[in-house]
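Engineer: got a predicted structure plus its sequence, pasted below:
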Number of protein chains: 2
Amino acid sequence: MPARGKPSQRRDALVQIAAELFAEQGYRATTVRHIGDAAGVLSGSLYHHFDSKETILDELLSSYLEELLDTYGTIVKAGDDPAATLRELVRASFRSLSEHRAAVTVLQNERNYLRTLPRFGYLTKSEEEVRRTWIAVLRDGISAGDFRKDQDPVVTYRFLRDSVWVAVRWFRADGPLSADELADHYLALIFEGLRAS
Amino acid sequence: MPARGKPSQRRDALVQIAAELFAEQGYRATTVRHIGDAAGVLSGSLYHHFDSKETILDELLSSYLEELLDTYGTIVKAGDDPAATLRELVRASFRSLSEHRAAVTVLQNERNYLRTLPRFGYLTKSEEEVRRTWIAVLRDGISAGDFRKDQDPVVTYRFLRDSVWVAVRWFRADGPLSADELADHYLALIFEGLRAS
DNA sequence: TAGGCTACCAAGCTAGCGCTTGGGTCGGGA
DNA sequence: TCCCGACCCAAGCGCTAGCTTGGTAGCCTA
């Protein structure tokens, strides 16, 4: 069986096939026989590539989170003003949501369950790092006078985070709006509000 | 077995017990043996009250949706101006989220899956009615000059809807914020925006 | 006090789950 | 030519899922 560090095209393709099924039907509702069928292979043959169904999911999620946190780090290091940084964080999030739709969907839907598994303890850590990043930007924006002071950054963070990521439920990369257009629409709503001036 | 229209205290209690488990672990991951254990009964005994696990879920969801749509109807019929109506819709939604936490959670998490089952076709219909209600208010607000014209009401609706309902993931009725306080915090963000004036 | 109703138990059925085992095929390097 | 590694099949194991069946204890009413 190929190891994690020893990449294989077939292995990567199988992860993607499984990812689509996980996203559509849920991780637990997707059976190894489904995955095998979709890949044109008997279910047992999957165990040549992976030692468990969990491993397939792990590969999907950890590689996604690695990339996302990397992108966040780059944005923060750029050191723009808080409003611009927040804007870039939102844009990057919507882009990741379009490029890794399956991974994001699974993460949203199975988060509570997966966190109970020791193997996926890193999900909590990643989530905490995302949280720190966003809240720091919000606090900076308040201190700098860019953002309103009568907002609790913790509550605001949860709203921003949730309303961005939950869009994965209906966003389609081949739909009428691109990820960046959607991000800008969202940012306009968040920054300027709904009320006519 | 008691029928749907023939209420039974025991039956209602069992629905609530099951609802908590469905919300915490997911509908499919909750077994009839779990439900039986939580109710202090053997799993087979549940089939005295319900003819299937699906029936338990159906009872939970349909009664919740009935109540929600009823509340929405009352608010719209009151005929306030669009901003006030939207405010009341948001408040009512947050309240329903606190009073029917389990039902909302299940609906959010299993929506995609349940819509594939013929039995739960009414979920799509209810969703459509909610959609019509909100979008009508948004359009009215734009026409009346209360809301900004450069917003697509369809996209805005999805943001509002998602960011309200997704709060069920972290909202606790016994937490620091009441449902109305949370609604007001949210409304301030939506109406006035994040940017300092 | 007999009969029926509500609520439950004890036991087990079938289907399908994740995963294992032993073996087969085929292309590339020595 | 020989063999190794990548890849896959066929069959089935142990287990748990939702659900069924036949029976019973206690209560209410006539």
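Structural biologist: Perfect, thanks for sending it.
Engineer: please enumerate the helices of chain A.
Structural biologist: A:9-25, A:32-39, A:53-78, A:82-99, A:101-114, A:121-143, A:153-165, A:179-192 (DSSP state H).
Engineer: need those in CSV with mean neighbour count, can you?
Structural biologist: All C-beta spots, glycine's among them, are computed from the backbone N, C-alpha and C. As requested, the helices of chain A are exported to CSV (neighbours: other CB atoms under 10 Å in any protein chain shown):
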stretch, mean neighbour count
helix A:9-25, 18
helix A:32-39, 17
helix A:53-78, 17
helix A:82-99, 20
helix A:101-114, 21
helix A:121-143, 16
helix A:153-165, 20
helix A:179-192, 18
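Engineer: same list, those, but as CSV with mean pLDDT and distance to chain B please.
Structural biologist: Below are these laid out as CSV (pLDDT from 0 to 100; distance: least, CB to the nearest CB, whole Å):
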stretch, mean pLDDT, distance to chain B
helix A:9-25, 92, 7
helix A:32-39, 94, 14
helix A:53-78, 96, 14
helix A:82-99, 95, 7
helix A:101-114, 92, 6
helix A:121-143, 96, 8
helix A:153-165, 90, 3
helix A:179-192, 90, 5
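Engineer: nearest to DNA strand D, of those?
Structural biologist: For DNA strand D, the closest of the helices of chain A is helix A:9-25, at 3.8 Å, according to CB to the nearest atom of the strand.
Engineer: report the angle between the axes of the closest one and helix A:32-39?
Structural biologist: Note on geometry: by axes from the mean of the first three to the mean of the last three CA atoms, to 10 degrees, helix A:9-25 and helix A:32-39 are set 120 degrees apart in direction.
Engineer: packing partners of helix A:9-25?
Structural biologist: helix A:32-39, helix A:53-78, helix A:101-114 (3 or more CB pairs under 8 Å, 6 or more residues apart in numbering or on different chains; DSSP states H and E).
Engineer: what would those helices look like in TSV with distance to DNA strand C?
Structural biologist: Output for these, formatted as TSV (distance: least, CB to the nearest atom of the strand, whole Å):
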stretch	distance to DNA strand C
helix A:32-39	4
helix A:53-78	3
helix A:101-114	13
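Engineer: returning to what we had before: how about the helices of chain A in TSV, adding distance to residue B:122?
Structural biologist: As requested, the helices of chain A are arranged in TSV below (distance: least, CB to CB, whole Å):
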stretch	distance to residue B:122
helix A:9-25	21
helix A:32-39	27
helix A:53-78	32
helix A:82-99	30
helix A:101-114	22
helix A:121-143	34
helix A:153-165	26
helix A:179-192	30
